[in-house]
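> got a structure for you, letters missing:
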Ligand code: CP
């Protein structure tokens, strides 16, 4: 009888909860499935007859399409439960009669009829209360008997981070000694979650890279995430530093990942009792954002990077704001490979958590 220690587990705060060795296994599994896909080999026995439920409270192209294609390629089915068309799942204390349904009931019901539930929630559906969406996904996990997969919440986007590591592994062969920069970039849209930069710096430090986080003042990430990143870099003999200088992040780096996220004042913060300690301040967030309009990636910044450096972005990119066309379409850009790797990452996660015999 084979044992699979991934079987039945949740994938929520994955960069924290899964070990370095488990991330390595997932990367290997994804590359194995990618090779099989390229060779046209059938993998439809892996999740034959299994059902994945998805719930998108926000828009999506990559995550939606690759989870749907991935489960189908592994022999399973995908049911998209559009919040609004079903009764909107609600946490305890947030019920609206005949509009919402308590998560405890939704999670227990779906556990009887399917094999995993994947959820995306951040921003307006969670009233921009920092941590609310993460707590919502964890409430599903509390009541579900099947794996819960975080497809991006207000804290983490771990499936994106896995695809990013797969891309780095393909381009550089490994992680140790590689200089990785996660940078803020300007966008006209000030309201964006911190999920990508937070997951990515955790995954990069966990793999032992030399990580730089670059952002203007006022765009700090969650201190809890920063503490984890520091601890991971110590455990793996990598390094982690923060700079408020845009160009500094590009200098001699191997991998640069400039993308926008909301200023700290873009979110409301509540304490453990649910009391508001800091209310979202749109005006201040806008002011901070406009003050950093020069944080746009152009050829000038890319020239500061190592000659073999790559440009990464999770997409969608705000062209002309975060980055110029000639950089994102240029020779150093790996953004389409990165987006493709979402498919292979999701297949590896589903195969291992939902019971594939890889
Ligand atoms: N990067 C990413 O998650 O893309 P989507 O928002 O299109 O899913």
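Perfect, thanks for sending it. For clarity, every value in this text was computed on a predicted model and none was experimentally measured.

> how about the strands of the stretch 1-150 of the chain, start to end?
51-56, 77-80, 88-90, 100-102, 116-120, 148-150 (DSSP state E, counting those that start in this stretch).

> Just the buried positions in the longest one, please.
Judged by neighbour count (16 or more other Cβ atoms under 10 Å), strand 51-56 contains these buried residues: 51, 52, 53, 54, 55, 56. Heads up, the C-betas are built off the backbone N, CA and C, glycines and all.

> Which strands or helices does that strand pack on?
helix 62-73, strand 77-80, strand 116-120 (3 or more Cβ pairs under 8 Å, 6 or more residues apart in numbering; DSSP states H and E).

> Would you state the strands of the stretch 251-358 of the chain in chain order?
Under DSSP E, counting those that start in this stretch, the stretch 251-358 of the chain gives strands at 255-259, 269-270, 276-278, 310-311.

> Tell me the spacing between the residue nearest the centre of the chain and residue 273.
Using Cα atoms, centre = their mean, the residue of the chain that lies closest to the mean C-alpha position is residue 157, 1.8 Å off. For residue 157, the distance to residue 273 (Cβ to Cβ, to the nearest Å) stands at 28 Å.

> circling back: which pair of the buried residues of strand 51-56 spans the longest distance?
Pairwise distances across those (Cβ to Cβ) peak at 16.6 Å, for the pair 51 and 56.

> Enumerate the residues of the stretch 101-250 of the chain near the ligand.
Residues of the stretch 101-250 of the chain lying near the ligand by Cβ under 6 Å from any ligand atom: 152, 160.

> Now with 8 Å, please.
120, 151, 152, 157, 159, 160, 196 (Cβ under 8 Å from any ligand atom).

> Can you pull the phi/psi pair for the third one?
When you say that, I think you mean residue 152. Residue 152 has phi and psi values of phi 120, psi 120 when expressed as degrees, to the nearest 10.

> Right, and the ligand sits closest to which residue of the stretch 251-358 of the chain?
Of all residues in the stretch 251-358 of the chain, residue 314 sits closest to the ligand, at 3.8 Å by Cβ to the nearest ligand atom.

> Surely that residue is in contact with residue 260?
No. Using Cβ atoms under 8 Å, residue 314 is not in contact with residue 260; the gap is 10.9 Å.

> Can you list which of the residues of the stretch 101-250 of the chain next to the ligand are found in helices?
159, 160, 196 (DSSP state H).

> of these, closest to residue 65?
residue 159 (12.8 Å).

> Could you report the neighbour count for the closest one?
A count of neighbours around residue 159, defined by other Cβ atoms under 10 Å, yields 26.

> so it sits right up against residue 345, yeah?
Yes. Shown here, residue 159 and residue 345 form a contact pair, counting by Cβ under 8 Å, at 5.8 Å.

> anything in contact with each of these two?
Listed as contacting both residue 159 and residue 345 by Cβ atoms under 8 Å, 6 or more residues apart in numbering is no residue at all.

> what comes up buried for stretch 228-242?
Using 16+ other Cβ under 10 Å as the test for burial, stretch 228-242 gives 228, 229, 230, 232, 233, 236, 238, 240, 242.

> Repeat that for stretch 136-149.
136, 137, 138, 139, 140, 141, 143, 144, 146, 147, 148, 149.

> per-residue confidence for the last one?
The predicted local distance difference test score for residue 149 is 99.

> from memory it sits against residue 140, does it?
No. Contact criterion Cβ under 8 Å: residue 149 and residue 140 do not qualify, at 9.9 Å.

> so what sits against both of those two?
Common neighbours of residue 149 and residue 140 (Cβ under 8 Å, 6+ apart) are 117, 119.

> Stretch 172-187: end-to-end distance?
End-to-end distance of stretch 172-187: 29 Å, with Cα to Cα, to the nearest Å as the criterion.

> er, stretch 287-304 I mean
In stretch 287-304, first residue to last residue: 28 Å (Cα to Cα).

> now it, how far from the centre of its chain.
23 Å (Cα atoms, centre = their mean, to the nearest Å).

> next one: stretch 92-99
Here the centre of stretch 92-99 is set off from its chain's centre by 29 Å, with Cα atoms, centre = their mean.

> Same question for stretch 12-22.
Worked out by Cα atoms, centre = their mean, stretch 12-22 lies 13 Å from the chain centre.
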